[in-house]
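1. everything below, folded, please.
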Amino acid sequence: MFSITEDRIDKISLHLLSEADQPADVALTLRPAARLGDFSSSEDLASVTAQVPPKSQGWVDFPLSVRLKPGLYYAWLPAVP
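-> Model prediction:
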């Protein structure tokens with residue numbers, strides 16, 4: 001969860017670990033939050049998929065380029081085997 005003070009977000013970078021032998025496609029969905037700690041929204045404002053290299057640990061960029069109102073948002077990632 002994070003606060004946005006501008007009217008857009010260009011990317012989200014996450015530090016991820018992969019123990020898989022093959023590249024893994026990871027989906028990220030941006031959702032609004034009504035207040036801190038509120039992860040109840042299922043409204044998808046933007047979605048993007050990035051590839052995590054096999055046997056890696058590091059930053060993965062999720063390019064979004066979406067216009068938003070200032071406020072609270074969170075990134076939701078479903079589990080990836």
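2. mind listing what's buried along the host helix or strand of residue 65?
-> Using DSSP states H and E, residue 65 sits within strand 56-67. Buried residues in strand 56-67, counting neighbours by 16 or more other C-beta atoms under 10 Å, are found at 60, 62, 64. Bear in mind the C-beta positions are built from the backbone N, C-alpha and C, glycine included.
3. and what of stretch 72-81?
-> Buried residues in stretch 72-81 (16+ other C-beta under 10 Å): 72-73.
4. just the CA atoms of that stretch, as CSV, please.
-> Provided in CSV are the C-alpha atoms of stretch 72-81 (Å, rounded to 0.1, in the frame of the first residue of the first chain):
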residue,chain,number,x,y,z
LEU,A,72,-4.1,5.5,-1.3
TYR,A,73,-3.5,2.5,-3.6
TYR,A,74,-2.2,-1.0,-3.3
ALA,A,75,-0.6,-3.5,-5.6
TRP,A,76,-2.2,-7.0,-5.7
LEU,A,77,-0.3,-10.0,-6.9
PRO,A,78,-1.8,-13.4,-7.1
ALA,A,79,0.3,-16.4,-6.0
VAL,A,80,2.6,-17.8,-8.7
PRO,A,81,3.9,-21.4,-8.4
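5. what does that stretch rub up against?
-> Under the contact criterion C-beta atoms under 8 Å, 6 or more residues apart in numbering, stretch 72-81 has outside partners 1-4, 9, 12, 14, 20, 24-36, 38-39, 41, 45, 62.
6. how far does that stretch sit from its chain's centre?
-> 6 Å (C-alpha atoms, centre = their mean, to the nearest Å).
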